[in-house]
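Engineer: Here's a sequence, model it:
(chains A, B and C)
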Amino acid sequence: MLTAVIALSALALVSSLLLAMVARAFAVPSNPKVEEIEGALPGANCGGCGLPGCGELARRIADGKADIDSCPVGGERVAQMIALIMGKSYAGGLVRKVAFILCGGDDQVAAKRFYYNGVRDCTSAAILFGGDKACQYGCMGLGTCEGVCPFDAMHMLPTGLPEVEPVKCTACGKCVAACPKHIIKLVPVDKRLHILCSSHDRGAKVRKICAVGCIGCTKCVKEGPEGAIAMQNNLAVVNYDFDIPDTVAAVCPMNTIRAISLDGSGDNAGVKAAAGGGV
Amino acid sequence: MAGGKFFGGVHPEYNKDLAAARAIEAMPLAARLVVHFAQNLGAAPKPVVKKGDAVKKGQIIAEPQGFISVPIHAPTSGTVQSIDIFPHPVGADMQAAVIIPDGKDEWADGCNVERDASRFDAEAIKQIVRDAGLVGMGGAAFPTHVKLSPPKEKPIDLLIINGAECEPYLTSDHRLMLEKPAQILEGASYFAKVLGVNNVSVAIEKNKPDAIEAMRKAAEKLGIAVRGLDVVYPQGAERQLIFALVGRTVPAGALPMDVGVLVQNVGTSFAAYEAIRFARPLIERVVCVTGRGIVNPRNVLVRIGTTFGDVITYCGGQQPDAGKVIGGGPMMGVAQYSLEASVTKGTSGIVVLKQEEVAQFVGEACIRCGRCVRACPMRLNPSVLGIFAERLRFDDAGEHHVLDCIECGCCAYVCPSRRPMVHQFRRAKAEVRRKAAKAS
Amino acid sequence: MKTLILIIVSAVFVNNFVLSRFLGICPFLGVSKRIKTAGGMSAAVIFVMTMASAATWLFYSHVLVRFHLEYLQTVTFILVIAALVQVVETVLLKMSPTLYRALGIYLPLITTNCAVLGVAVLNIQKQYNLIQTTVFGFGAAVGFGFAMMIFSGIRERMELCDTPVPLKGTAIGLVTAGLLSLAFMGFTGLVKQ
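Structural biologist: Purely as a prediction, here's the structure:
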């Protein structure tokens, strides 16, 4: 009995000593905060912060090389947690953004130039004359954005345009990077007025190829608050820093401007006709 | 010279009998020419004309930008009506100048003058080749003067004149060899002078015995060998041609000059003859208009900038059941959505297919039959590459050498699931190159 | 010498630890998605199993037998193996952080792994001497690595296949492992037990 106890204790002691020696000899300096921060981060490794993974961001935040609110997916809640870990204060004010497709030209209203029988993917289709849509700026409707979304927030509607589910969207930015026409933007959830067009073609050409495209008539520029909407090369562009009333949508002769709620309140006043491109 | 059969390749139906017997005819000037600025691999030249300018035939309308660039010349005398975006037959909408001919077809000063070319040395020849806007006319449109300037560490010992014309339907090179063999060889001699090589060979596929005969007769006294090659697609692709002719393998990622060889198309050689002997810049080329969808298949000598619509009208127009217009050949050409696309320096053919000849298909799952692996002349695994591309695993595609793909189309041709592999690979290559550019 | 070769052949092919004895299935299935990680894991296991075989045998013959404490075999073996794996982990973290992160949870799993304990116990059962013990441990680990490399190669290829959704991932992996096991049964009779 005694020998057993002694033997086991001796073994335990020797092992501990050995481990202690090895731990010291092969010590790797590490910031304990890194693990804590990594625990606070969502762990999706989505790349929304611009870095390859949550581990890398945790390291950068711990070293002070990245901001506390760098994680767009975690948002305010995670930023507060990280602030606690780092012992810093966090002012907040991070406005939640979601992805939005600036195109309203679905299959019913936008013309096609040719019959496309190739790979069902937007980037691949763009190799052939920029895609089969007559509007070279418009959404091609083949679902590349749907494929890259890691949060199942983007779905292709049967009409040929994608639809974002604001509840699931984390603004990681993958769809923004994937769209070959660069017409997906991250917009603040609290803003309602959106211009569903990205075409820089002149009005006369737009009328021929799309029933809801921006023709550059500047009615919205004049109706909205000063500086809220600007004309950029035949296209009206919203400045999301401004609060624009829903009534501006009514002056658009092409129904390109829509008042759409992205924060789930479901109030879509001012929407003239059912269409895709948003919620 | 040892050679062999290169690995892979396919044997499509050639249908060359549709146009092979038609001698080249010069098409009368169209009422309007749409001259693209981007007609070469490398940097596009910069336009130097604007709306309203009068131009003479052979006048430079776009200046080269950098070394890997060549000028564009006005194909006839007339006025620049506008500069706008037009469909380019390679698959994009690009800037072009619309020139309305004045009917006089007057050459610019200094052009179209016969001279004694023997006094030109290598540098002079290269300069003429560049100023004449010569590019590879087999379709790649790589600036010829750049190809003729290999670095000193890579000596060339063999010049191959490529008359293989392995694309189905096309017969433009075939007719050129039959009708102008001496001129082609003279052009080749200028290339040989620039490179300082004595060893020149002409490679022609065996399905053109009359062309082989014609070229052999013309080459008799010149000491240039004319070799007949097995009929297989893509025999005319540089690497495969070099292997078949002399048994040398161009390593992946390397160029023919790395094994001491240079290849030039017969059309390019003819253009060199025109430019060096007669000071005529590259403003026209032989285009084979063929297919069962065209009323009168023929080989036409057209001015650069003639719209596909005008060329097709000259050839009797489309059949009522025409279904597809292809710029180039059916294997590597691009389907056109508009007949406003115009002939460029690299347009070797216009193939019009009947609706019933056009396959409407949806690519299905890979069944791992291996036919594509057996067909790929670059020894790649198109099956795995296609799956990687489909699943957006472009890094893996890059590791599996997707950049070595020559887009010949053999894999897609044999695939029983009709997977659009070449399209996938073009996308994969773009993604791999984009990532590499971002990293550097 | 002949015995040693027989021991290795037996451990690697005839009585493969994973495919015949069904020991060490957890890391086998867990780390075999990529050939590179499988290779790293195999190297770690070869090191641990060889050392563990020798260390446990030494401890058994010079301490446990001497003091008639053979019944403490299981407990003490686990202690020795645990300490060894911890050493490997610490060294690995310093030497190759990438491999450390890639192996992740499966590195400490070598500790509670029945394969390592199994080889230690088998050594005692078969009454091998020190050299035979070490060779057997080495052979067992090589067999483990061999099976893992084959399996990860298959799995990498299977990722490209259109597996039906219910079978995706570990499910088809287990089916494949079973087939691989069946294949290895072909080696029975190679060495007379």
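Engineer: Leaving out the residues flanking it, which one is nearest to C:Arg21?
Structural biologist: C:Asn15 (6.1 Å; Cβ to Cβ, 6 or more residues apart in numbering or on different chains). Where you see a C-beta, it was placed from the backbone N, CA and C, and this is true even at glycine.
Engineer: gap between the one you found and A:Pro245?
Structural biologist: 80 Å (Cβ to Cβ, to the nearest Å).
Engineer: Settle it for me: which of these two has more neighbours?
Structural biologist: Neighbours per residue, other Cβ atoms under 10 Å in any protein chain shown: of C:Asn15 and A:Pro245, the larger number sits with C:Asn15, 20 against 15.
Engineer: pretty sure that one contacts C:Val9?
Structural biologist: No - the criterion here is Cβ atoms under 8 Å, and C:Asn15 misses it with C:Val9 at 9.7 Å.
Engineer: Report all helices and strands that the helix or strand bottoming out on mean pLDDT in chain C contacts.
Structural biologist: Ranking every helix and strand in chain C by mean pLDDT, DSSP states H and E puts helix C:97-103 at the bottom, with a mean of 76. Applying 3 or more Cβ pairs under 8 Å, 6 or more residues apart in numbering or on different chains; DSSP states H and E, one finds that helix C:97-103 contacts helix C:35-59, helix C:73-95.
Engineer: Which residues does that helix contact?
Structural biologist: Applying Cβ atoms under 8 Å, 6 or more residues apart in numbering or on different chains, the set of residues contacting helix C:97-103 from outside is A:28, A:55, C:31, C:36-37, C:40-41, C:44, C:89, C:92-93, C:107.
Engineer: Check which helix or strand B:Thr344 maps to.
Structural biologist: B:Thr344 belongs to no helix or strand when assigned by DSSP states H and E.
Engineer: elements contacting the longest helix out of those in chain C?
Structural biologist: Counting residues, the longest helix found in chain C (DSSP state H) is helix C:130-158. Contact here means 3+ Cβ pairs under 8 Å, 6+ apart; on that basis helix C:130-158 packs against helix C:2-9, helix C:25-30, helix C:35-59, helix C:114-125, helix C:170-184.
Engineer: Residue numbers of chain C in contact with chain B?
Structural biologist: Where chain C comes near chain B, counting by Cβ under 8 Å from any Cβ of the partner chain, the residues are C:160, C:162.
Engineer: and the closest residue to chain B within chain C, how many residues sit next to it?
Structural biologist: Nearest residue of chain C to chain B, counting by Cβ to the nearest Cβ: C:Leu160, 4.7 Å away. Residues near C:Leu160, counting by other Cβ under 10 Å, number 18.
Engineer: Please identify the helix or strand for it.
Structural biologist: Here C:Leu160 is assigned to no helix or strand, by DSSP H and E.
Engineer: now swap in B:Asp84 and tell me
Structural biologist: Residue-wise, B:Asp84 maps onto strand B:78-88 under DSSP H and E.
Engineer: residues from the stretch 51-200 of chain A in reach of chain C?
Structural biologist: So the stretch 51-200 of chain A meets chain C at A:Gly55 (Cβ under 8 Å from any Cβ).
Engineer: so where's the stretch 51-200 of chain A uncertain?
Structural biologist: A:52, A:91-94 (pLDDT under 70).
Engineer: And the helices in it?
Structural biologist: Applying DSSP state H, counting those that start in this stretch to the stretch 51-200 of chain A gives helices spanning A:54-62, A:75-86, A:122-126, A:144-148, A:174-178.
Engineer: and the helices and strands packed on helix C:97-103, which is most packed in?
Structural biologist: helix C:35-59 (a mean of 21; mean count of other Cβ atoms under 10 Å in any protein chain shown).
Engineer: Let me see the mean pLDDT of that one.
Structural biologist: Across helix C:35-59, pLDDT averages out at 87.
Engineer: Contacts for stretch A:54-74 next, please.
Structural biologist: Here stretch A:54-74 has contacts from A:31, A:33-35, A:37-38, A:40-46, A:48-49, A:51, A:75-76, A:78-79, A:82-83, A:86, A:88, A:90, A:94, A:97, A:170-173, C:101, using Cβ under 8 Å, 6+ apart.
Engineer: quick one: buried residues of it?
Structural biologist: A:54-62, A:66, A:68-74 (16 or more other Cβ atoms under 10 Å in any protein chain shown).
Engineer: just stretch B:11-27 next, same as before
Structural biologist: B:12, B:14-16, B:18-20, B:22, B:24, B:27.
Engineer: Out of the residues you listed, flag the one nearest to chain C.
Structural biologist: B:Pro12 (28.7 Å).
Engineer: where does chain C have low pLDDT?
Structural biologist: Using pLDDT under 70, the flagged stretches of chain C are C:104-105, C:111-112, C:191-193.
Engineer: that older thread, now do the longest helix of chain C: distance to the chain's middle.
Structural biologist: Centroid separation for helix C:130-158 versus its chain: 6 Å, with Cα atoms, centre = their mean, to the nearest Å.
Engineer: List the buried residues for that helix?
Structural biologist: Here helix C:130-158 shows C:132-152, C:154-156, C:158 as buried, counting by 16+ other Cβ under 10 Å.
Engineer: Dump stretch B:245-263 to CSV, keeping only the CA atoms.
Structural biologist: Output in CSV follows, covering the C-alpha atoms of stretch B:245-263 (Å, rounded to 0.1, in the frame of the first residue of the first chain):
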residue,chain,number,x,y,z
LEU,B,245,7.6,19.2,-85.4
VAL,B,246,10.8,19.0,-83.5
GLY,B,247,10.0,17.1,-80.3
ARG,B,248,11.0,20.0,-78.0
THR,B,249,8.8,20.6,-75.0
VAL,B,250,8.1,24.1,-73.9
PRO,B,251,7.9,23.9,-70.1
ALA,B,252,4.8,25.2,-68.4
GLY,B,253,5.0,28.9,-67.8
ALA,B,254,7.8,29.3,-70.4
LEU,B,255,7.7,30.5,-74.0
PRO,B,256,8.9,28.9,-77.2
MET,B,257,12.0,31.1,-77.2
ASP,B,258,13.1,29.2,-74.1
VAL,B,259,13.6,26.1,-76.3
GLY,B,260,15.1,28.2,-79.1
VAL,B,261,12.0,28.3,-81.3
LEU,B,262,9.9,31.1,-82.7
VAL,B,263,6.5,30.6,-84.4
